[in-house]
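Participant: Below are the sequence and a predicted model for it; my questions follow.
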Amino acid sequence: MAGYTLRAIAFADDIAVALSSEDDVTAFRNAIELHSRASNAKLNDDKTEMLRIGNTTCTAWYPDSPRSRCYE
């Protein structure tokens, strides 16, 4: 994604990504979905966790995952 900076920490098949806006979340989600279609790989919803930190409206990216949480 030209002109896009991604802050991430990865180890083996685990990754932590820091996103700072709804646009970043949308862009990252689109990239993951594109990769999933191309590779037949996908995120494991049972192991996927979203922590929303800050004074914002909480919208869980993975609402079906019991590990989606929001913090203020």
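Facilitator: The structure has been received and is ready for your questions.
Participant: which residues in this structure form helices?
Facilitator: 22-39 (DSSP state H).
Participant: so where's the chain uncertain?
Facilitator: Filtered on pLDDT under 70, the chain yields the residue ranges 1-6, 52-72.
Participant: Which parts of it are strands?
Facilitator: Counting by DSSP state E, the chain has strands at residues 7-11, 14-18, 50-53, 68-71.
Participant: What is the burial count for Asp46?
Facilitator: 11 (other CB atoms under 10 Å). Quick note: C-beta positions are derived from backbone N, CA and C, even for glycine.
Participant: what does His35 give?
Facilitator: His35: 13 neighbours (other CB under 10 Å).
Participant: which residues touch it?
Facilitator: Ala41 (CB atoms under 8 Å, 6 or more residues apart in numbering).
Participant: Excluding sequence neighbours, find me the nearest residue to Val17.
Facilitator: Ala8 (4.7 Å; CB to CB, 6 or more residues apart in numbering).
Participant: just Leu19 next, same as before
Facilitator: Per CB to CB, 6+ apart, closest to Leu19 is Val25, 5.2 Å.
Participant: Over to Lys42?
Facilitator: Ser36 (4.7 Å).
Participant: cool, Leu43 as well?
Facilitator: In space, Leu43 is closest to Ile32, 6.4 Å off (CB to CB, 6+ apart).
Participant: can I assume the one you found is in contact with Asp45?
Facilitator: No: using CB atoms under 8 Å as the test, Ile32 is too far from Asp45 to be in contact (11.9 Å).
Participant: quick revisit: what about the residue nearest to Leu19, distance to Ala12?
Facilitator: Distance of Val25 to Ala12, computed by CB to CB, to the nearest Å: 24 Å.
Participant: The two - which one has more neighbours?
Facilitator: Legend: neighbour count by other CB under 10 Å for Val25 and Ala12, higher for Val25 (16 against 5).
Participant: State the distance from the more buried one to Ala16.
Facilitator: According to CB to CB, Val25 and Ala16 sit 14 Å apart.
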